[in-house]
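In: Sharing a model prediction with you, sequence too.
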Amino acid sequence: MFIALLEGGLIIQLALNLAKRRRVERALRESEERVSLAVGSSGAGLWSLDLDTRRIWATPQLRHLFQLAPADELNDESLLEVIHPEDRERVRQSFEQGAQESPGLSLEFRIVRTDGTQRWIGTRGHLNGDPRNGGRRWSGASVDITEGKLAEERLRESESRFRIVADSAPVLIWMSSVDRLCTFFNKPWLNFTGRTLEQEIGNGWTEGVHPDDLPECLKGHTESFDARQPFMLQYRLRRHDGEYRWISDHGAPRYDSEGNFAGYIGSCSDITERLRAEDRFRQVFEAAPNAMIMVNEDGTIVLVNGQAETVFGYQREELIGLPIETLIPERFRQEHPGDRDHFASNPQARSMGVGRDLFGRRKDGSEVPVEIGLNPIRTAEGQVVVASVIDITERRRAEAETQGLRQELTHISRVAIMGELTAAIVHELGQPLTAILTNARVGLRLIAGNDDVKEVRDILEDIVADDHRASQVIQHLRSLFKKGEAEHRPLQFNTVINDVVSVVRTDAGRRDIAITLDLAARLPLVSGDRVQLQQVLLNLVVNAFDALTDVTSRPRKVILRTHTLGENFVHVEVADTGPGIAPEKLGSIFQPFVTARPGGMGMGLSVSHSIVGAHEGRLWAENDPDGGAVFHLVLPALLDEGGSP
């Protein structure tokens, strides 16, 4: 009975052991299938190296990876033959040393395939077994890592190129990661600060920032990082010699190939000298005696000095940012943008509005006469234009006063000349007045005792003619004595000469001087003031009369000639047969208070020279080789729209 029970128990135990074994085998198969699936999907090949026999077991994947025949028996030497010669000894030593020092193995090496191509293999292994009992073996897996190695190589090459470029750049370059900590500084940065890369990375670079600038610098960096926006900061950074230099720091966010934020990259340049130059420029700009206004390419005011506030009545804070047209009277504003574009197309220093009256507009709307000089300047921000504006209100007032004094002097000079001709003028008027009186008395007698109407008519006509002659003399004198503004009108200069000759002819006769006229028949018109040009000619003729006072050995003559000079000028000559002008005085006779006449003021030729200059003409004197002096007067001819006289 006992034996039967024992046998029954053994049978049950065997059945249980068999069931457990089957479960274990099924679990093992499932595990092997999972491992095989994982290995197959990863492309890895499994292997095992028996250290006693040196034989290698390998999966088909491994044989395919190393291009080994499926039936070949493998050992460590046959496998080493596939490995690149340069890596072979390193792999052998890794297996030998690992068997004695470490149970783990991690290798990367190259293999040479039958077609000569090379592939990178990554191998991981683990040492199993007890060296005391034998049966030690390496077990592991190998996988093709060529693509990864090539990617790493490309990355290293890219990083190498970046470092070469960065180290060769003329600016200071830095990089940071997403945590705001700096990870790279180029050589120019390290050379500038005199510190090592290890000292600068992280937040080490902030040790070189000036303490007064550090809070604002860190704030700008932090806010820009948080907003992922580019930034530009200016702060002082300590140079290797201890001097703090102003730098301009430009940072921009960078992203990886998938668009993920990867940190920032920035470049810095030393702007100390530029800021010093700008400061000197601002000092000069501010110290300028004129109103100075700087305008950018958009026509916006970017800088003004204190004089601009005085001229235009604005505070400088009000002007900054306004369009320049704000300071231009409304009647000119519409044209000004076109003027700005024209200047921008050919930027060069020049005066604005040459030949025109320019006005600026004050804050209160009033206008101020100005002169403007423009000067283009190329800056880092683009081209700007500096306008120098001069308030010429006082100058205009002074010019008006000067013009009044000049007119007064001209009038006085003219009166003085006429005073010298008083005797001749009295004689010139006396003749027609005496004739009028005589004819009137004869007419009265005829009326009283004679009925001859024809004779009375002839007498009355003589009276009218004499009166007309006297009226002409008086009219010429009145025009010469008249005081008023200059009036430029088209004139026939031959007529001006005839008018003057009619005034001086009697004086010439009294002095026994002959007046000869040699006038061109077709003389172009000139533009001028008749009275002022008569004064010039009268002064030259009277001076010629005076030069002949002591002449007794030759004829006493004054010759007036007119002709054209080229096509665009009228040339007038007043010549005499006197002794001429002393050579040492030729260069000074047109200066004020220089005279050769006893009792003369010395203003006649000076005033005449000014009048001719105001008419855009020339007046000069020279001695005639045949004797006497010649005064030359040249005036521009009046041209029509086609440019012809």
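Out: Arrived safely, thanks for sending.

In: how close does Arg361 sit to Glu286?
Out: Relative to Glu286, Arg361 is positioned 23 Å away (C-beta to C-beta, to the nearest Å). The way it works is simple: take the backbone N, C-alpha and C, and place the C-beta from them, glycine included.

In: Those two - which one has more neighbours?
Out: Arg361 (20 against 13; other C-beta atoms under 10 Å).

In: My guess is that one contacts Pro329. True?
Out: Yes. Using C-beta atoms under 8 Å, Arg361 makes contact with Pro329 at a distance of 4.8 Å.

In: quick one: common contacting residues for those two?
Out: Shared contacts of Arg361 and Pro329 (C-beta atoms under 8 Å, 6 or more residues apart in numbering): Glu367.

In: Output the below-cut-off pLDDT ranges for the stretch 401-550 of the chain.
Out: Along the stretch 401-550 of the chain, the model assigns pLDDT under 70 to residues 401-486.

In: Enumerate every residue touching Leu107.
Out: Counting by C-beta under 8 Å, 6+ apart, Leu107 has contacts 91, 94, 122-124.

In: now, among these, which is nearest to Asn375?
Out: For those, the closest approach to Asn375 (C-beta to C-beta) belongs to Gly122, at 69.8 Å.

In: Sticking with the closest one, tell me its helix or strand.
Out: Using DSSP states H and E, Gly122 sits in strand 118-130.

In: Parallel or antiparallel, list what pairs with that strand.
Out: Applying DSSP bridges to the sheet, strand 118-130 is found paired with strand 104-112 (antiparallel), strand 134-144 (antiparallel).

In: Which of these has the lowest mean pLDDT?
Out: When these are compared by mean pLDDT, strand 134-144 comes last with a mean of 84.

In: Any buried residues in the helix or strand following that one, and which?
Out: Per DSSP H and E, the first helix or strand lying C-terminal to strand 134-144 is helix 146-168. Neighbour counts using 16 or more other C-beta atoms under 10 Å place 149, 166 of helix 146-168 among the buried residues.

In: Just the buried ones from the contacts of Leu107?
Out: Judged by 16+ other C-beta under 10 Å, buried ones among the contacts of Leu107: 91, 94, 122-123.

In: Out of these, flag the one nearest to Ala308.
Out: Taking C-beta to C-beta as the measure, Ala308 lies nearest Gly122 of the buried ones among the contacts of Leu107, at 74.6 Å.

In: ok, the closest residue in space to Gly373 that isn't next to it in sequence to Glu367 distance?
Out: Distances taken as C-beta to C-beta, 6 or more residues apart in numbering place Ser388 nearest to Gly373, at 4.3 Å, with adjacent residues excluded. To Glu367, Ser388 is 19 Å away according to C-beta to C-beta.

In: between these two, which one's more packed in?
Out: Between Ser388 and Glu367, counting by other C-beta under 10 Å, Ser388 is the more crowded of the two (19 against 14).

In: Just to be sure, the more buried one is in a helix?
Out: No. Counting by DSSP: H, G, I helix; E, B strand; the rest coil, Ser388 is not found in a helix; it is strand.

In: Pull the contacting residues for it.
Out: Here Ser388 is in contact with 288, 290-292, 372-375 (criterion: C-beta under 8 Å, 6+ apart).
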